[in-house]
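# Build the 3D model from these lines:
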Amino acid sequence: MFVAGEWTAGTSQEEVHNPFSGAAVDSVPVATAADAQRALDVAVLGARIQRETTAYDRQAILLKAAALADERVELLARTISAESGKTLAEATGEASRAGEILRLSAFEGTQLYGDSLPLDAHKGAGRSKLGFTLRQPCGVVVAITPFNFPLLLVLHKIGPALAAGNAVVLKPARTTPLTALRIAEILLDAGLPPEALSVLPGPGGELGDVLCADPRVRKISFTGSTAVGEHITRVAGVKKLSLELGASCPVVVLPDADLELAATSIAIGGYGNAGQVCISVQRVVTDRSIAGEFVDALTEKVAAIRAGDPFDAATTMGPLISVGEADRVHAAIQQAAADGAKIVHGGERDGALVQPAIVTGVDPDSAFSQEELFGPAVAVTTADTVDDALAIANNTRYGLGAGIFTRDVSNAVRFARDAEAGNVHVNWSPLWRADLMPYGGFKGSGIGKEGPRAAVAEMTEEKTVVLHG
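Residues are numbered from 1 along each chain as shown. Okay, here's the model as predicted:
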């Protein structure tokens, strides 16, 4: 691991396992609370170095890192697939976006504009004062990332943080630390000051509390469960927080929808990365008049998904991150059936593989609709009117993503305005993200926005300066 400016083996190590085969991929150190303290100690120095480095020079480092990431796409992809179980095609798609995120971040880090203040509009101020604002880096940033996108979600945090002139202590998911260490190699090879980044594999509970509670940390960026996000708010103290948390994303299918398009999009959006995406389609609310036709169309698409070995070219959906997670998802599907829903396709479990499932007749108030599943299953619920569909879509404590399929512009506009979600898609599922767009949720899905421009703003602070003549 890279901690406090040096590569170290730590005091103990643990193996990283392939979720499909169970085979050991590699071993990594298990960082301790003492390692976290060392990382923070050096990050204070790193933050000072970064702040004194010009935006031009920071941009040059990140642009070089982007070029190196482009050269290492295959290595990154194989690392992602090996430790996360993602199909090689999905992993390659993720790895190929690394360079672009770094380039976007590099640019946005050079755009820290301020504003002039019309102080003469204040009674009595006269013309003897000038006021303006400056943006400056927060200082030490802690980034805590999940397993499902071990490259993208790391870069969406550390790219903007470094571009804005911060130092970063990164805590990657314990199951997928190898990709984060590859990213550290790329940044260091590109000339990043070694004091500006530490990567701490290990237990989130122990390390997270040490990192989040430390008063030297001025910004925390976390992606993960709502429960952990709530815990972070309790231990963090007074500092800036960005929390991208849980979801139960709805998609509404109205009678005038293109059902082929809807089925195709939902088959992608519900089962990509084995459903382990916070913006996966979890709930479909379809008009009762077309429910049977829609389910038939979706079943045809889902039946074509091939779950299996992520390194097999014929595989289109890999395993869940662990056997334990697969068992949890399988149990949730079975419980939905026991509660009166119907499994019309899939749901079987073999090790960490869960066959892509379609579950119909789901009560919108049931746990299968209300709680984040994070697995390859879609719940189908019917509604009689547009009002009913919108109410069901909003009937959850979450609000990250939502989608609607309709040819009626009026219904599309209404949904765009009234859907309680931070990301709304018309005629596609919420499982779509451009790296440059603002990204974040409402309600229990979190606070703050990602996307390089939004993240740079989140990772800087605004200072007001007044010159008195």
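# going forward, measure contacts and count neighbours with C-alpha atoms only.
Fine.
# Residue 310 contacts residue 90, doesn't it?
No: counting by CA atoms under 8 Å, residue 310 sits too far from residue 90 to count as a contact (9.2 Å).
# And the two? Which one has more around it.
residue 310 (26 against 20; other CA atoms under 10 Å).
# Leaving aside the residues adjacent along the chain, what's closest to the more buried one?
residue 87 (4.0 Å; CA to CA, 6 or more residues apart in numbering).
# repeat for residue 137
That would be residue 460: by CA to CA, 6+ apart, it lies 4.3 Å from residue 137.
# Pull the number of nearby residues for that neighbour.
Residue 460 - counted by other CA under 10 Å - has 24 other residues nearby.
# Same check on residue 215?
A count of nearby residues for residue 215, using other CA under 10 Å, gives 13.
# circling back to that earlier point, got a list of what the residue nearest to residue 310 touches?
Residues near residue 87 by CA atoms under 8 Å, 6 or more residues apart in numbering: 81, 273, 309, 310, 311, 312, 315, 316, 317, 318.
# got the contact list for the fourth one?
In other words, residue 310. Contacts of residue 310 (CA under 8 Å, 6+ apart): 20, 81, 85, 86, 87, 88, 316, 317, 318, 319.
# That one in helix, strand or coil?
coil (DSSP: H, G, I helix; E, B strand; the rest coil).
# Distance of the nearest residue to residue 273 once chain neighbours are set aside relative to residue 302?
Distances taken as CA to CA, 6+ apart place residue 86 nearest to residue 273, at 6.0 Å, with adjacent residues excluded. Distance of residue 86 to residue 302, given as CA to CA, to the nearest Å: 18 Å.
# Please say which of the two ends up with more neighbours.
residue 86 (35 against 22).
# Would you agree the more buried one falls within a helix?
No: judged by three-state DSSP, residue 86 forms no part of a helix; its state is coil.
# these two touch, right, it and residue 315?
No: using CA under 8 Å, residue 86 makes no contact with residue 315, being 10.0 Å away.
# element containing the nearest residue to residue 370 once chain neighbours are set aside?
Nearest non-adjacent residue to residue 370, counting by CA to CA, 6+ apart: residue 396, 5.7 Å away. Assigned by DSSP states H and E, residue 396 belongs to neither a helix nor a strand.
# please begin residue numbering at 609 from this point
Shifting the count to begin at 609 puts that one at residue 1004.
# How many residues are close by residue 1004?
20.
# quick one: pLDDT of it?
Residue 1004 is assigned 97 on the pLDDT scale.
# if I read this right, it contacts residue 856, doesn't it?
Yes: counting by CA under 8 Å, residue 1004 does reach residue 856; the two are 7.4 Å apart.
# Mind listing the shared neighbours of the two?
Joint contacts of residue 1004 and residue 856 (CA under 8 Å, 6+ apart) are residue 978.
# Which among the contacts of residue 695 count as buried?
Buried by 16 or more other CA atoms under 10 Å: 689, 881, 917, 918, 919, 923, 924, 925, 926, out of these.
# can you redo those as TSV with distance to residue 1027?
Listed next are these as TSV, based on distance: CA to CA, whole Å:
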residue	distance to residue 1027
689	35
881	25
917	38
918	35
919	39
923	35
924	31
925	30
926	32
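# Would you point out the most distant pair within these?
The largest separation in the buried ones among the contacts of residue 695, counting by CA to CA, is between 881 and 919 at 13.6 Å.
# contacting residues around residue 653?
803, 804.
# so how far is residue 1013 from it?
Distance from residue 653 to residue 1013, by CA to CA: 52 Å.
# for residue 819, same thing?
The gap separating residue 819 from residue 1013 is 43 Å, by CA to CA.
# quick one, helices of the stretch 709-858 of the chain?
Using DSSP state H, counting those that start in this stretch, the helices assigned to the stretch 709-858 of the chain run over residues 760-771, 786-797, 812-821, 834-844.
# helices and strands around the first one, which ones?
Using 3 or more CA pairs under 8 Å, 6 or more residues apart in numbering; DSSP states H and E as the contact test, the elements touching helix 760-771 are helix 663-679, helix 706-716, strand 748-752, strand 775-779, helix 1060-1066.
# okay, residue 646: pLDDT?
We have a pLDDT of 98 for residue 646.
# host element of it?
Using DSSP H and E, residue 646 sits within helix 641-660.
# Which positions within that helix qualify as buried?
For helix 641-660, by 16+ other CA under 10 Å, it's 641, 643-645, 647-648, 650-659.
# nearest residue to the residue nearest the centre of the chain other than its sequence neighbours?
By CA atoms, centre = their mean, the chain has its centre lying nearest to residue 761, at 5.0 Å. Excluding its sequence neighbours, the residue lying closest to residue 761 (CA to CA, 6+ apart) is residue 753, at 6.4 Å.
# Cross-check the contact I'm expecting between that neighbour and residue 762.
Yes: Residue 753 lies in contact with residue 762 (CA under 8 Å); the separation is 6.2 Å.
# So which of the two has more stuff around it?
A side-by-side neighbour count of residue 753 and residue 762, using other CA under 10 Å, places residue 753 first with 29 against 25.
# What are the neighbouring residues in contact with the more buried one?
761, 762, 778, 779, 780, 781, 830, 831, 832.
# For residue 619, state which of those is nearest.
For the contacts of residue 753, the nearest to residue 619 is residue 779 (17.4 Å; CA to CA).
# how close does the closest one get to residue 808?
Distance from residue 779 to residue 808, by CA to CA: 5 Å.
# Who has more neighbours out of the two?
Per other CA under 10 Å, whichever of residue 779 and residue 808 has more neighbours is residue 808, with 30 against 27.
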